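Asker: Test case, fold it:
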Amino acid sequence: MHSTLIVARMRPESGEDVARLFAEFDAGAMPHRMGTRRRQLFSYQGLYFHLQDFDDDQGGEAVEAAKGEPEFVRISNDLKEFIEAYDPGTWRSPKDAMATRFYHWSAQG
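Answerer: Residues are numbered from 1 along each chain as shown. Below you'll find the predicted structure:
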């Protein structure tokens, strides 16, 4: 399983709206086409964390490949009211907002 973590800024009062938009998106076909196994959203002090688990190690590439799909474009546009890039000066695509994992541990079994 592969995970990506997107970091951005979120209006603090918009958690329910963002969750609703993702619930609608996840009810469609895009998560399955991208190989998304699980999505979790977190907020802290005005920051937004989007943890997405994929079936294989190509999760980051799957997000990049999907960014032109109509459903992906629609949710990206809908989220703009609530979410903005952490660093708008350097953001060009979702991969520019992905955190770098520097440690990982899993239980055996």
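Asker: gap between the helix or strand of the chain with the lowest mean pLDDT and the chain center?
Answerer: Ranking every helix and strand in the chain by mean pLDDT, DSSP states H and E puts helix 59-66 at the bottom, with a mean of 78. Centroid separation between helix 59-66 and its chain, computed with C-alpha atoms, centre = their mean, to the nearest Å, is 11 Å.
Asker: So what touches the helix or strand just after that helix?
Answerer: Downstream of helix 59-66, the first helix or strand assigned by DSSP states H and E is helix 70-79. For helix 70-79, contacts defined as C-beta atoms under 8 Å, 6 or more residues apart in numbering pick out V18, L21, F22, E24, F25, G28, A29, M30, A66, K67. For the C-beta atoms, the positions are set from N, CA and C on the backbone; glycine is no exception.
Asker: Please verify my assumption that the third one contacts R39.
Answerer: Right, F22. Yes: using C-beta atoms under 8 Å, F22 makes contact with R39 at a distance of 6.4 Å.
Asker: So the two - more neighbours on which side?
Answerer: More neighbours surround F22 than the other of F22 and R39, with 18 against 14 (other C-beta atoms under 10 Å).
Asker: buried sites along the helix or strand hosting that one?
Answerer: According to DSSP H and E, F22 maps onto helix 15-26. With burial defined by 16 or more other C-beta atoms under 10 Å, the residues of helix 15-26 counted as buried are V18, L21, F22, F25.
Asker: could you give the angle of that helix to helix 70-79?
Answerer: Calculated by axes from the mean of the first three to the mean of the last three C-alpha atoms, to 10 degrees, helix 15-26 forms an angle of 170 degrees with helix 70-79.
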